[in-house]
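Undergrad: Structural data only, the sequence is not supplied:
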Ligand code: UDP
């Protein structure tokens, strides 16, 4: 078990982003949180400190909570490769997908429990009665029972889900349910993701959020965008001066590392760019993105596609990544040369999280259109990230994407995630109507400001913790589904 040090960030920074009324509400919440949690720790436990949406979400939430005077901390469990094979299988099954084809049987359970037994000894020494523990996703869920027994308030935060569970997903629920049940609350990103067989009064909905001031989302001047992309080897040309940016902790950073590009030649600076930023994961459908773009976005649009993912050696809990990257490279290689030349696969450097974030930020800002052609999606932070940058998003109508995008208002939602022709047509349509694309982008930014920034998320957690610890809630979000339904 590893504790990740998160420097605090002053929530005052939000003053520049929010309306005065929203900011006041947030300040009030921060004061309440400080009083409520004085003398206790709010632990977050997950399975990786690098890569993926949960990490992206956690860092700023913990940092702002600390800035508000709450002792929020972050623990990452240790796991063996066979443990992560099992938990990746669980993850896929929760999305209704077969994953590696393996089953969640007694052997898988033994692997799962053995690893967590080792982690438990470590966590028990740290968590004390009266602490709040937020356990994220299935990987550490086996710790919930023992943590409850230790006197902590335990919240299970599930970041994945599907709205129409199949037998595969239900079997994964059955596998996990005994570990989950003891928690005081079960938090899902959407009401539609809540599992059967859980006490409805303990279910809460909290939508994820992005940090508008983080390196991933901070404003970047157009010349900085180009310089970042040149220096990191994504865009053709060299940058003559060092490329500096503001790190998460406020100190200056410098872009130094290069992406590993699979391409015929670097992306020309003067062509429209279509971008998908995602892990190399079957559910993000990199093969569908590549084929859909190659076959259905006409060459006369002059558009190029960049599919950008993390350098796969770097993401510890994702054994499938390398296979998907290789399959993507192979698919690209067999395309006709004129299609292949417009497609670029980027593996982004992951050694320095802030540097990685600034490259993603620059890519999203340089893109004319951002795609998220997922086959299933818990939430899809990349969608809010692109929307915050005023980009229209073309995405599948799956999971949390549907909460974020409003069809034809802020982007285009595709009813059938497998329909490559519709995917290509939506992109081509926006490429040929830049005014409409810009209008959608502007509306997208305001929607994120209203609903998907970290402040709202923090207030939701505060409301939930107030409820669980018996303090009268001050009217923040995340009321239980059962309560809302009058149950
Ligand atoms: N991401 C990144 N670098 C990459 C690929 C992805 O920083 O090379 C980030 C991306 O910007 C987003 C997160 O990882 O913040 C992915 O979150 P999302 O909810 O979209 O998907 P998940 O990976 O959790 O399924």
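TA: That came through, no problem. What you are looking at is a predicted structure, and each value in this text was computed from that prediction instead of being measured. Residues are numbered from 1 along each chain as shown.

Undergrad: Name all residues that make contact with the nearest residue to residue 451 once chain neighbours are set aside.
TA: Using C-beta to C-beta, 6 or more residues apart in numbering and skipping residues adjacent in sequence, the residue nearest residue 451 is residue 207, 7.2 Å away. Just so you know, the C-beta spots here come from the backbone N, C-alpha and C atoms, and that holds for glycine as well. Applying C-beta atoms under 8 Å, 6 or more residues apart in numbering to residue 207 gives the contacts 189-190, 379, 400, 403, 451-452, 456-457, 460.

Undergrad: let's go with 10 Å and repeat that
TA: 188-190, 379, 384, 400, 403-404, 451-452, 456-457, 460, 477-478 (C-beta atoms under 10 Å, 6 or more residues apart in numbering).

Undergrad: any idea whether it is helix, strand or coil?
TA: coil (DSSP: H, G, I helix; E, B strand; the rest coil).

Undergrad: repeat for residue 377
TA: Quick answer, by three-state DSSP: residue 377 is coil.

Undergrad: Contacting the ligand as well, which ones from the contacts of residue 207?
TA: residue 379 (C-beta under 6 Å from any ligand atom).

Undergrad: which one among the contacts of residue 207 gets closest to the ligand?
TA: Taking C-beta to the nearest ligand atom as the measure, the ligand lies nearest residue 379 of the contacts of residue 207, at 5.3 Å.

Undergrad: Show the pLDDT at the closest one.
TA: pLDDT for residue 379: 90.

Undergrad: That one touches residue 190, doesn't it?
TA: Yes. Using C-beta atoms under 10 Å, residue 379 makes contact with residue 190 at a distance of 8.0 Å.

Undergrad: When these two are compared, which one has more neighbours?
TA: residue 379 (25 against 18; other C-beta atoms under 10 Å).

Undergrad: out of everything not next to it in sequence, what's closest to that one?
TA: Distances taken as C-beta to C-beta, 6+ apart place residue 400 nearest to residue 379, at 3.4 Å, with adjacent residues excluded.

Undergrad: list the contacts for the one you found?
TA: Residues in contact with residue 400 (C-beta under 10 Å, 6+ apart) are 53, 159-161, 163, 188-190, 192-193, 207-208, 374, 377-381, 383-384.

Undergrad: Buried ones among these?
TA: Neighbour counting by 16 or more other C-beta atoms under 10 Å classes 53, 159-161, 188-190, 192-193, 207-208, 374, 377-381, 383-384 among these as buried.

Undergrad: just checking, which of these belong to strands?
TA: residue 188 (DSSP state E).

Undergrad: Sketch out the strands for the stretch 301-450 of the chain, chain order is fine.
TA: 304-310, 343-348, 369-372, 393-396, 411-414 (DSSP state E, counting those that start in this stretch).

Undergrad: now those strands in a markdown table, with distance to the ligand?
TA: A markdown table is the format used below for those (distance: least, C-beta to the nearest ligand atom, whole Å):
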| stretch | distance to the ligand |
| --- | --- |
| strand 304-310 | 4 |
| strand 343-348 | 4 |
| strand 369-372 | 7 |
| strand 393-396 | 10 |
| strand 411-414 | 15 |
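
Undergrad: Is it possible to get JSON lines of those that adds mean neighbour count and mean pLDDT?
TA: Formatted as JSON lines, the strands of the stretch 301-450 of the chain follow (neighbours: other C-beta atoms under 10 Å; pLDDT from 0 to 100):
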{"stretch": "strand 304-310", "mean neighbour count": "24", "mean pLDDT": "97"}
{"stretch": "strand 343-348", "mean neighbour count": "23", "mean pLDDT": "98"}
{"stretch": "strand 369-372", "mean neighbour count": "28", "mean pLDDT": "98"}
{"stretch": "strand 393-396", "mean neighbour count": "28", "mean pLDDT": "98"}
{"stretch": "strand 411-414", "mean neighbour count": "24", "mean pLDDT": "98"}
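
Undergrad: how about JSON lines for the ones you listed, with distance to residue 64 added?
TA: Below are the strands of the stretch 301-450 of the chain laid out as JSON lines (distance: least, C-beta to C-beta, whole Å):
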{"stretch": "strand 304-310", "distance to residue 64": "24"}
{"stretch": "strand 343-348", "distance to residue 64": "25"}
{"stretch": "strand 369-372", "distance to residue 64": "26"}
{"stretch": "strand 393-396", "distance to residue 64": "26"}
{"stretch": "strand 411-414", "distance to residue 64": "28"}
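
Undergrad: Overlap of the contact sets of residue 379 and residue 190?
TA: Contact with both residue 379 and residue 190 is made by residues 161, 207, 399-400, 403, according to C-beta under 10 Å, 6+ apart.

Undergrad: Can you tell me which one of these sits lowest on pLDDT?
TA: residue 161 (86).
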